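J.: My questions concern the predicted model and sequence given below.
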Amino acid sequence: MKKLVLASTMLAGLALPAFAADCDITVGVVMELTGPAGEYGKAGAKSIEMAFRDFNDAGGVGGCKLVMDTRDSQSQGNVAVDQATQLVNIKKAPVIIGGIISSVSIPILTSVTAPAGVPQVSPASSSPTLTALGREGKTNGVFFRTITSDALQGTAAAKYAIDQGLKKIAIVNVNNDFGVNMVKEFSAAYTKLGGVITSTTPYNEKQASYSAEASAAMNGEPEALYLVSTPVDGATIARAWISGGGPAKFLLNDGMNSGDFISAVGAQYLNEAYGTSSGTSPTASTEYFNANYEKFSGGISPAAPAADRSYDAGAIVALAIAKAGKADKAAIKAAIPEVVAPGGEPIHAGKAEFEKALKLLKEGKPIKYEGVIGNVSFDKYGDITGPFRLWKIKDGEVTTVGQMEADEVTKLKASLGE
């Protein structure tokens, strides 16, 4: 009987796939699914899910699947730290994707991932503080992001504003690391380019009304409003500004190119709204994502804030785990910059391309993922460099009107003595 049981057990084992479910690799995802940045996080989480779907369909890591353990930061740093701590310490996630906004990503980095040596990839946190932490040796080399730093974007926004004739401007900004740093970089460049800032009014998030802030921003008779915000709060502020008699001319930060923001404010008030975003030249990945994301996500536009770069964050993490060959945080950390490094075989988004990547990795050959946001690589602080997209809202649609190269912005910044 014992031999029969043993034989049947062996036969049952042979009937199983080569890798059982317990070999699945859990990736921690901390996203702003609710709160002021909820629109970003919902789009981002779906993008990562799509990237993992494509990767798993291509074969995964030796037959093992990547599994998302997604947690809601509620757009709050303290909640994000609690969730990331659980993912790292209890679930033993070897890598974290998130957060979206800098005020979530920074505390995750300083309190959880850097001390634990767990790599962290943010799709959309653009604060210069993240670069500064790297330079100061406080990140343990674990942080990467698929968006350019606001150290350059603030300068690009200043130049774009002047070029559009917005030469006397009031500022209302979210009072967090992202908002404060963006305004600092913008203000330095804008005033040196000849612009006049009539007032700067920081605000705290999730207030029912921003009439006081909008009223304060109107002092000095500004010609336009530079609104550094998120779609929900931003819409409330913009409505208060317009209803209070403020001119319907706006400069907007990346992430405000949002359908929800436009519909909440009213397209008729935003025909003179301009903005900048991180962006690069389209690739085959861009075409794939734009053609497939809306159906996969259940109706979210591929142009939704953070959607494109979140797919890339998921793809880079997936390919790095495949290159590492195991759920080991140190090996994944080393592999992340390698899968986008120059010299590798170009790989794009989608199942067929990931199959190609997995075959090359198995053969020990280098790959270079060229993503939805374009062909990027990481510097030693986990930053990417790339051009800035210049856009305008017209008849309720966000329309790209130009591009500003990173080198051009860097030279401008230097010429202004910054």
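T.: Perfect, I can see it now. Since we're looking at a predicted model, the values are computed, not measured.

J.: any idea how far Thr399 lies from Asn257?
T.: For Thr399, the distance to Asn257 equals 10 Å [CB to CB, to the nearest Å]. Heads up, the C-betas are built off the backbone N, CA and C, glycines and all.

J.: For stretch 141-156, give the mean pLDDT please.
T.: For stretch 141-156, mean pLDDT rounds to 92.

J.: picking up where we left off before, so which of Thr399 and Asn257 has more stuff around it?
T.: Taking neighbours as other CB atoms under 10 Å, Thr399 and Asn257 compare with Asn257 leading, 25 against 11.

J.: The more buried one contacts Ala307, correct?
T.: No - the pair Asn257 / Ala307 is not scored as a contact, 11.1 Å apart, by CB atoms under 8 Å.

J.: Quick one, grab the pLDDT at Gly343.
T.: Reported pLDDT for Gly343: 94.

J.: you'd agree it is in a helix?
T.: No - counting by DSSP: H, G, I helix; E, B strand; the rest coil, Gly343 is not found in a helix; it is coil.

J.: which one is it nearest to, not counting chain neighbours?
T.: Counting by CB to CB, 6 or more residues apart in numbering, Pro366 is the residue found nearest to Gly343 once chain neighbours are left out, at 6.0 Å.

J.: List the residues that contact the one you found.
T.: Shown in contact with Pro366 (CB atoms under 8 Å, 6 or more residues apart in numbering): Glu338, Ala341, Gly343, Gly344, Glu345, Leu360.

J.: Mind putting those into CSV with neighbour count and distance to Gly275?
T.: Shown next, in CSV, are those (neighbours: other CB atoms under 10 Å; distance: CB to CB, whole Å):
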residue, neighbour count, distance to Gly275
Glu338, 17, 34
Ala341, 14, 31
Gly343, 7, 35
Gly344, 19, 33
Glu345, 14, 36
Leu360, 16, 38
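
J.: And the furthest pair within the residues you listed?
T.: Ala341 and Leu360 (13.5 Å; CB to CB).

J.: Start from the N-terminal end of the stretch 1-150 of the chain and give the strands.
T.: 25-31, 66-72, 96-98, 120-122, 143-145 (DSSP state E, counting those that start in this stretch).

J.: Make JSON lines from the contacts of Pro366 and add distance to Pro36 to it.
T.: Below are these laid out as JSON lines (distance: CB to CB, whole Å):
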{"residue": "Glu338", "distance to Pro36": "35"}
{"residue": "Ala341", "distance to Pro36": "36"}
{"residue": "Gly343", "distance to Pro36": "41"}
{"residue": "Gly344", "distance to Pro36": "38"}
{"residue": "Glu345", "distance to Pro36": "41"}
{"residue": "Leu360", "distance to Pro36": "42"}
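
J.: Go through these and say which is closest to Gly220.
T.: Proximity of those to Gly220, judged by CB to CB, is greatest for Ala341, which lies at 49.3 Å.

J.: Spatially nearest residue to the closest one (excluding sequence neighbours)?
T.: Closest to Ala341 by CB to CB, 6+ apart is Ser377, at 5.8 Å.

J.: any idea whether the one you found is helix, strand or coil?
T.: Classification of Ser377 using three-state DSSP returns coil.

J.: Can you give me the neighbour number for it?
T.: Ser377, neighbours per other CB under 10 Å, totals 16.

J.: contacting residues for it?
T.: The neighbours of Ser377, taking CB under 8 Å, 6+ apart as the test, are Pro337, Val340, Ala341, Pro342, Lys368, Ile384.

J.: List only buried entries from the residues you listed.
T.: Neighbour-count burial (16 or more other CB atoms under 10 Å) is assigned, among the contacts of Ser377, to Pro337, Val340, Lys368, Ile384.

J.: so Met275 touches Phe261, yeah?
T.: Rather than Met, residue 275 is Gly. No - Gly275 is not in contact with Phe261 according to CB under 8 Å; the separation is 10.4 Å.

J.: When the two are compared, which one has more neighbours?
T.: Phe261 (26 against 23).

J.: Beyond the helix or strand in which that one is found, next helix or strand please.
T.: Assigned by DSSP states H and E, Phe261 falls within helix 259-265. Where DSSP H and E defines the elements, the next helix or strand beyond helix 259-265 is strand 273-278.

J.: Which residues does the helix or strand following that next one contact?
T.: The helix or strand immediately downstream of strand 273-278 is helix 284-297, counting by DSSP H and E. Residues outside helix 284-297 that contact it (CB under 8 Å, 6+ apart): 43, 46-47, 49-50, 53, 300-302, 307-308, 311-312, 348-350, 353, 370-374.

J.: Filter the residues you listed down to the buried ones, ChimeraX style.
T.: Under the burial definition 16+ other CB under 10 Å, those of the contacts of helix 284-297 that qualify are selected in ChimeraX by:
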select :43,46,47,49,50,300,302,307,308,311,312,348,349,350,353,370,371,372,373,374
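
J.: which ones are touching the residue minimising distance to the centre of the chain?
T.: Centroid-nearest residue in the chain: Ala124, 2.0 Å away (criterion: CA atoms, centre = their mean). Neighbour list for Ala124: 40, 44, 100-101, 145-147, 254-255, 305-306, 309-310 [criterion: CB under 8 Å, 6+ apart].

J.: Now intersect those with the helices, please.
T.: Using DSSP state H, Tyr40, Gly44, Arg309, Ser310 are the members of those that sit in helices.

J.: Max pairwise distance over these: which two?
T.: By the measure CB to CB, Tyr40 and Arg309 form the most distant pair in the ones in helices among the contacts of Ala124, at 10.4 Å.

J.: what distance separates the start and the end of stretch 381-401?
T.: One end of stretch 381-401 to the other measures 31 Å (CA to CA, to the nearest Å).

J.: nope, stretch 329-347 is what I meant
T.: Terminal residues of stretch 329-347 lie 23 Å apart, using CA to CA.

J.: tell me how far that stretch is from the chain's mean position?
T.: 19 Å (CA atoms, centre = their mean, to the nearest Å).

J.: next one: stretch 326-335
T.: Stretch 326-335 has its average C-alpha position 21 Å from the chain's average C-alpha position, going by CA atoms, centre = their mean.
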